Every structure is written in structure tokens, then in C-alpha cells.
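Engineer: Please work out how this folds:
(3 chains)
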Amino acid sequence: MTSNNFLIQLNNFTYQYPHTANNALKSINLSLKKGSFVGFAGPTGAGKTTLIKSINGIVPHFEGGTFSGEVLLNGKAADTMSTAEIGRSVGTVLDDPEAQIICLDVEQELVFGMENYGVPPAEMEQRMQKALASVGIAHLLGRSTASLSGGQKQRLAIAAALAMLPEVLVLDEPTSELDPLGSEEVFRVLKQLHQEQGMTILVTEQKTDLLARYCDQLVILREGEMVLSGTPREVFQHQDIFELGVALPEVTELARRYYPQAEPPITLDEGVQFCRNVILSFGG
Amino acid sequence: MNPVIKINGLSFGYEFGDSVLKDIYLEISPGEMVALVGQNGAGKTTLVKHLIGLLRPPAGKVSVADLDVANTRISKLSRQVGYVFQNPDHQIFHDTVQAEVAFGLNNLGLPREEVEPRVTAALSDVGLEHLAHENPQRLSRGQRQRVALASVLALRTPVIVLDEPTTGQDYQERKQIMALVEQLNKAGHTIVFITHDMSLVAHYASRVVVLCQGRIILDGDTREVFRQTDKLAESLLLPPQVTVLANQLNEPLNTSVSPVILSVDEMQDYLQRVREVKRNGTGD
Amino acid sequence: MARVIEYIYRDSIIHQLNPVSKLAWALGVMVLALTFNDPYYLLALLLSVGLVGLTGRVLKDLSGVMKGLSIFALILVLLQVIFYHGAYQEAIALGIAMGLRMMTVVLSFLVFLSTTQYKDIILVLTEKMKLPYDYVFMFMTSLRFVPTFLNEAIQVGYAQQVRGCPIDSGNPWRKMKAYIAVALPLVLISLKKAERLAIAMETRGYGSNNRTYYKEPVISTLDYFVIFLVVILIIGAIILRCKGLGVLH
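Structural biologist: Residues are numbered from 1 along each chain as shown, chains lettered A, B, ... in the order given. Alright, predicted model coming up:
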């Protein structure tokens, strides 16, 4: 079925939740290859969560509502597959660490999905070890889920998704309930999965400086539409970025005050270099 | 001025587990705007719960507006201290925004002629007067947070405590909420807010209290606290990006102390001054 | 109280028993407790249950609950004394019997729940007793969320109290009205959580066919022995009861 190289394709996808007046997503066109690391940003109500849900099948299977256009996973229309079927290739992590941990202990949480899909018990052991090691919590096997910190819970949720050997991970604001340390923890794990295992990752996030540092591609949504897409640098360089209700990294904001048209720095190190140049350009 | 909040040698531990607060001394004067920061589990929420009697001090003394918290009913303390919880869903249950905001006032036993104008004023403060007759369950998380805030504002307490008022909100909503809090502070309210967002602290707080494992390890003027990078690192907190940027740049000016930069505006001024110093050849 | 029905991680011979034999034991204790109403018999039964709890190294964790239950038992005795039409001593004996009976049954189930993992209970109920997986899973999962729910209830209580809601009022009518302010947000929050949980489960293949189980609890000779013992005890109890032993009058 892979007539093209795209793992995920949204073609003119429009969706409306039941009992609402407006479309939550409007004519979304998005094609992503295997190995992409894409961040989605935008104000509340922009459609970020809905976009994630339309890739893991919760929209429209669970939510109902009406849609037009199509979502293709490996070239196959998502609406012809059940959520459980989609779950084999799309692993999901939600925002609330409390509400998505289903079981009482780490081991059971990891095997929950595998048991549902009928994975042979001998193989579960192996997959479990690998998933835990991938997110750096191998030492937590045997602990109760209630005893974990927020960051550990989110990493467990990622591991539980990984144990099902998905082709893509989708994460809906995975750090919204975490402190800065926990947020960094989660993104470091994502980066590692992307680099070492070539995992395809789609993540929505309010903390744009995390997206700037970790993602290859940044998509800005507003009122259900995709308004900007490109590398984080390209997006932050765009003249309209200030009107889109997303926070810029402070170094980027600073640089744009000096050179609105030029490529801005997006990380702290680049910011330091930028400031040195600014000083030099007037000094000496 | 006579402090409105006095905490004298407070220690606290839950029934099972380690002590959460150790030997806390803190005095807050009327009209201050204090940010309470620290990692998850540092004891921030436990500390502020003592300000309104949700927890009673087993050791030490806590008094608010000259009321001893240990033996004052919550209903009496709630006339002095307004408390906005992190999750608005923990309080919202009426079917209109208006009724939700009136709830606390009705509990106080105020006559109807007084309740109505107060509700209207509070809703207009948070910018939700147009949604007064809407069902709060149909609003966004950010809007519900503002409903919760309005319901506390309406009580017109001299002290307002906010526990992570911006969690789960987008960039614009965060700015709106904090602008409102700042306005309340200017109108004379004493504000204590908990947050993980260091740029909010840098922008809005006049004083910062840093908790680490149940102890206050830093307490002072915002700029002075952000100067203590070592101590902040000890409690695993990272100052705003521009603050770190200025630190790493480490450009000597003709003053003996390097400045602490709190915002992009300040950074711009700082660079300007560095350039002038360089141009006049006094920098090196 | 929040941790009453949680699994307690310990290593003991009771933990290693198959859930089937532990369930048989708990049910057996219940039958025995209902068979007799002589306080001495019931006291002996309660002590035996306590001994099992001790062997399972969970008795200490359950002591808080047992304290609460004994207060409840005292109230039962008191009610008997007040409302029983008959001899004063008879009333006390009957009251004590009722109290002991309740404590015995509750403690045996607490020991069962605190030494048996949920997944094993689910597995036994579905695979061995052939109950439908969906219902069993839903029931056990709702039990799993009881501590979370209690915690939310405390938070909601706080949030309403700081708005002057008279939860601590002495007036029962006002107090009852105040509890509505706690109950409603709690229901709304629980519905939201349930929806999230359902989504989390759906995306992890809940409801696909051909499920497997990672670890199935083994049945050892000790398990056969326990089940055998429970059966013998029940038969013995019935014989004693028919002979009129262990019953007052």
C-alpha cells in the first residue's frame, strides 16, 4: 500500500465535533515521512489535540462528528481501520499522567497493550526490557505506578506505547502537568528515540522553547488551520509569528528586534554567539 | 508596615512520610507580590495551604491578618485570604458562570443587592462578562480558570493566593491572567503565587521565595534571587533564558557588579550599554 | 484510609498463594462467620484470620482500618443493648457477635485484596470463573481509582471551603447542602477522567481479540491443601451447627 514514502498523510482533512458549530480542523494538508520529529504549537482551541486525535483514530471513531478529506496511515485510510488496529502502528501519550496510567504497577502497565494484542508472553519480557531501557527507567520495574513522579509517569506512558512497537508516537501536550525538570526529561527521551531508533514523533506543546530545541519541523495552527510550517528557525523568522499567539524563545525575540529579516538564533548557545556579534558590530 | 502574613517556625509532615516543611520563617507585608518557586515536592502547596487553615500547623505559628490560623475557622479566614486552586474543575459546579461566581458571596450571607454588582465587577475584571450566562463546562480550560479566579476575586479579600494559575494555558492566556494579577496587586491586594514559569516570576514578582526540600533556601528581591545562580541550581531551577544569556555573555561594564537581566527589554538596554562602553574604549 | 484496598508489596507465603485459594478462603471465612453466632467461636475465627494477615505481613497496614471497624462494632453492640427486647446479657452477647462477625468478614477480604494483585484477581475471575472480561476489568479498575477519587474529594472539599462553603458547619441541613457543592464537581471530574482513561485504553488495543496473559499464577500443592482445608472446615462447621453447637440459646 505504500505507493509513496509518506507514513502519515492528511489530505484536505476537515473535521467537526458533534454538537458544535465550527470545524475544529479546516482543510489540513500534511505529509510526513518516516523519521520525522514534528512539533505542533498554537493557542488553545487551535486544533492541536484534534489533529493528534485524528491520527490515532480517536477522531472520528471515539468522538463521533463529521469529516471530509482523508487521513492515511501507510497509505491506508484511517477511517476504515478500528482504533485498536491503528493502535498497533500509532502509540499515544496524553497530557494527564494520572488519567492515562491504567494499571497499578509498572510491569502491568507495560504489558497491558501487549496482552490486548495477543503478544506471546515470552516476547513480552524482551519488549518490556527494551522499552524501559529506551526511556531510561529500567530500574523502576516492580514499582507501583502511584509512587512515580510526574516525569517518570510520562516516561512510563511512552515506554508502554513503545512496547507495542509502533511506527509513530503521537503525544498531546505531554509536559503540561510537569515541572521544567520533568518536561526536559520527556523531551530528551523523545530526542533519543528519534536519533537512535529513527522513531517518527508528533508532539503538541505550549513550551515553544522545547520545540525549538528538539524538533526538526514546527507547525503552527490557528483556529483549525495550519498557518505556518517549516524548521523551527524558518517559522520563528516568519513575519507573522508575533500575531499567532505562540511564545518565542527569548533569544529569538531579542534577535528579531535587531534583525527582523535575518535567520534568528533559537537556542541559548546561538543566542550568546548572536549577542557577541551584536556587540562586535558596534565595538572596536 | 505590620506584616499581613507571619509564619514563625512552621514545620509540617503528613501522617505517613517525611516532613514536608522544615522550620519555615516568612513575613509578607501588605501589598507585596511574592512568587513561591521550587521543584515538585518542595512543599510549595503545603505551605500555602497553611495560610487559609486547610492544614493546621503542628509546630510553629501561622497568622494571617492577626488571626491565628491554628484556631480560626476556614470560613472566617476565607474573608481575609482568597485561594485560587490549580485545577478549576475542583470547584466549578454551577450551570452558569454567574452563579459560580456568586457562590462564595452567598456563603458569606451577603444581601442580593450586594452580590450582583460584585459578580458583575469580578467578571468584568477577568474579561468574561459576555459569558455570564454560559455554562462553565462549555468553556475552555483557560476560561474556566478565569471563572475560578473571578469567584475568588468577588470575595474581595486583602490577600490572594494562586496555586499555579497558568498551568495548562497558552501564551496569551498566561499573559492575561498575570496582567490581571498584577492589576490586583496594584489595587492593593497582597499576592502570593506558585509557579514553575521563571519568566513569569521575572516579569511579575517583586519578591521570590525559593523552597527546596521543605526549607526556604532563598528569599529576597527578584533580581537578587536570580543573581544566586549556584543556590538556584541546587534547587534545580533555571532562571529565564535572557538571564542566563546575560550571565554567559559576562561582558564587564564599568560597574563592579554584573547586572541581572530579567526581560528581553532589559537585555536590549544592556547590549546598548555594553556597546557604548566598548565604543568609548573603557570596556577592556 | 485511602490505601485500604490497595495491593501491598510484600514477600510472603500468602502473597504467593494462587488467588483462587485465597478467594476460597475468604468466602469460607464468610460462611463460617455466618454459621455461628457464639462470640467465642467468632472470636476464634477472627483470631485465625488475624493470624493469616500476620503471616501475609499486612496486618500492621490494616490496623488503622480495624481500629475504625472496632468503633463501628462497639456502636453495633450499643444499638443491640438499646433496641433489643430481652435480657440485657443476651443483647450484649448478640451485639458482640454481630460486631465480631463484621470484623472477621471485612478483615478476611482485606487480607485477600492486600495480598493479591489486581491483575491476578482479574485473570482468575475471567479465565477460571469465566466472567466476561469487560465487566471484570471495569469493576477492578474502578476499585483501583478509589484512592484517586478520595484524593480528589479532599481537593474539592478544600476548594469549596475556601469559598466559605460551610462543610464544617454544625447545622446538619447546611452541612448537607454544602456536600452537594463537593459531590457535583467530583462527579464532573470523574466523568472527565473516565473519558480520558477510555481513550488511553482504546489507543492501547483494549477490546481487540485473542488476548494473552503475561504471567499466569501457578497452582501449587499448598493451594490444593488450602482449598481442601476450607472445604473440610465448612463441612465441619455445618455438622457442629446441626448439633446445635456454636449458637446462642
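
Engineer: I'd guessed C:S220 sits against C:N18; true?
Structural biologist: Yes - using CB atoms under 8 Å, C:S220 and C:N18 qualify as a contacting pair, with a distance of 7.0 Å. C-beta coordinates here come from the backbone N, C-alpha and C atoms, glycine included.

Engineer: which of these two has more neighbours?
Structural biologist: Of the pair C:S220 and C:N18, C:N18 is the one with more neighbours under other CB atoms under 10 Å in any protein chain shown, namely 22 against 13.

Engineer: Looking at the more buried one now. What's its pLDDT?
Structural biologist: Listed pLDDT for C:N18 reads 91.

Engineer: Kindly report the same for C:I5.
Structural biologist: C:I5 is given a pLDDT of 63.

Engineer: Same check on C:M1?
Structural biologist: In this model, C:M1 carries a pLDDT of 38.

Engineer: can you list the residues of chain C near chain A?
Structural biologist: C:6-7, C:9, C:117-119, C:141, C:144, C:147-148, C:193, C:196-215 (CB under 8 Å from any CB of the partner chain).

Engineer: Could you list which residues are in contact with A:P60?
Structural biologist: Taking CB atoms under 8 Å, 6 or more residues apart in numbering or on different chains, we find A:P60 in contact with A:Y15, A:S54, A:T66, A:F67, A:D79.

Engineer: I would like a PyMOL command selecting only the buried ones among these, please.
Structural biologist: A single PyMOL command selects the buried members of those (16 or more other CB atoms under 10 Å in any protein chain shown):
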select buried, chain A and resi 15+54+67
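
Engineer: picking that back up, now the buried members of the residues of chain C next to chain A.
Structural biologist: C:6-7, C:117-119, C:141, C:144, C:147-148, C:193, C:196-197, C:199-206, C:208, C:211-214.

Engineer: tell me how far the helix or strand encompassing C:V49 is from the chain's mean position?
Structural biologist: C:V49 belongs to helix C:39-55 when elements are defined using DSSP states H and E. In terms of CA atoms, centre = their mean, to the nearest Å, the centre of helix C:39-55 is found 16 Å from the chain centre.

Engineer: chain center to the next helix or strand after that helix, what's the gap?
Structural biologist: The helix or strand immediately downstream of helix C:39-55 is helix C:59-83, counting by DSSP H and E. From the chain centre to the centre of helix C:59-83 is a distance of 15 Å (CA atoms, centre = their mean).

Engineer: Show me which residues of helix C:59-83 are buried.
Structural biologist: Within helix C:59-83, the residues that qualify as buried by neighbour count (16+ other CB under 10 Å) are C:L59, C:D61, C:L62, C:V65, C:M66, C:L69, C:A73, C:L76, C:V77, C:Q80.

Engineer: Touching that helix from outside, list them.
Structural biologist: If you take CB under 8 Å, 6+ apart as the criterion, helix C:59-83 is touched by C:1, C:3-4, C:8, C:50, C:53, C:88, C:91-92, C:94-96, C:98-100, C:102-103, C:106-107, C:110-111, C:114.

Engineer: if you set the cut-off to 7 Å instead, what comes out?
Structural biologist: Helix C:59-83 is touched from outside by C:4, C:8, C:50, C:53, C:91-92, C:94-96, C:98-99, C:102-103, C:106-107, C:110, C:114, with contacts defined as CB atoms under 7 Å, 6 or more residues apart in numbering or on different chains.

Engineer: and if you look at stretch A:35-45?
Structural biologist: A:32, A:48, A:51, A:194, A:198, A:200-205, A:208, A:211, A:215-222, A:244-246, B:140-142, B:170-173.

Engineer: Out of those, which end up buried?
Structural biologist: A:32, A:48, A:51, A:194, A:200-205, A:208, A:211, A:215, A:217-222, A:244-246, B:141-142, B:170-171, B:173.

Engineer: C:S114 belongs to a strand, doesn't it?
Structural biologist: No - counting by DSSP: H, G, I helix; E, B strand; the rest coil, C:S114 is not found in a strand; it is helix.

Engineer: Could you tell me the per-residue confidence at it?
Structural biologist: On the pLDDT scale, C:S114 gets 90.

Engineer: okay but it is in contact with C:V52, surely?
Structural biologist: No - in this structure, C:S114 is not within contact of C:V52 by CB atoms under 7 Å, at 11.3 Å.

Engineer: between those two, which one's more packed in?
Structural biologist: It is C:S114, of C:S114 and C:V52, that has more neighbours when counted by other CB under 10 Å, with 24 against 21.

Engineer: residues contacting A:A77?
Structural biologist: Counting by CB under 7 Å, 6+ apart, A:A77 touches A:E70.

Engineer: Tell me the one of the contacts of A:P60 nearest chain B?
Structural biologist: Minimum distance to chain B across the contacts of A:P60 is 18.1 Å, recorded for A:Y15 (CB to the nearest CB).

Engineer: Near chain C, which residues of the stretch 1-150 of chain B? Just list them.
Structural biologist: With the criterion set to CB under 7 Å from any CB of the partner chain, the stretch 1-150 of chain B comes near chain C through B:52, B:54, B:73-75, B:78, B:83, B:85, B:89-93, B:103-104, B:107-108, B:137.

Engineer: Restricted to buried residues, select those in ChimeraX.
Structural biologist: Buried residues within the residues of the stretch 1-150 of chain B next to chain C, by 16+ other CB under 10 Å, are selected in ChimeraX with:
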select /B:52,54,74,75,78,83,85,89,90,91,92,93,103,104,107,108
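
Engineer: mind listing which of the residues of the stretch 1-150 of chain B next to chain C are in helices?
Structural biologist: Counted as lying in helices by DSSP state H, out of those, are B:I74, B:S75, B:F103, B:G104, B:N107.

Engineer: Next, give me the two most distant ones among the residues you listed.
Structural biologist: Within those, B:I74 and B:F103 form the most distant pair, 15.0 Å apart (CB to CB).

Engineer: Number of residues surrounding the closest residue to B:G13 other than its chain neighbours?
Structural biologist: Spatial nearest neighbour of B:G13, excluding adjacent residues (CB to CB, 6 or more residues apart in numbering or on different chains): B:S19 at 3.6 Å. Using other CB under 10 Å, B:S19 has 16 neighbouring residues.

Engineer: Pull the contacting residues for B:S19.
Structural biologist: B:S11, B:F12, B:G13, B:G214.

Engineer: Then B:L123?
Structural biologist: B:L123 is in contact with B:V97, B:V101, B:E129, B:A132, B:A150, counting by CB under 7 Å, 6+ apart.

Engineer: Nearest to C:A178, out of the contacts of B:S19: which one, please.
Structural biologist: Distance to C:A178 across the contacts of B:S19 (CB to CB) is lowest for B:F12, with 26.2 Å.

Engineer: does the closest one count as helix, strand or coil?
Structural biologist: Three-state call for B:F12 (three-state DSSP): strand.

Engineer: That one bridge partners, please.
Structural biologist: Listed by DSSP bridges, the beta-bridge partners for B:F12 are B:L21.
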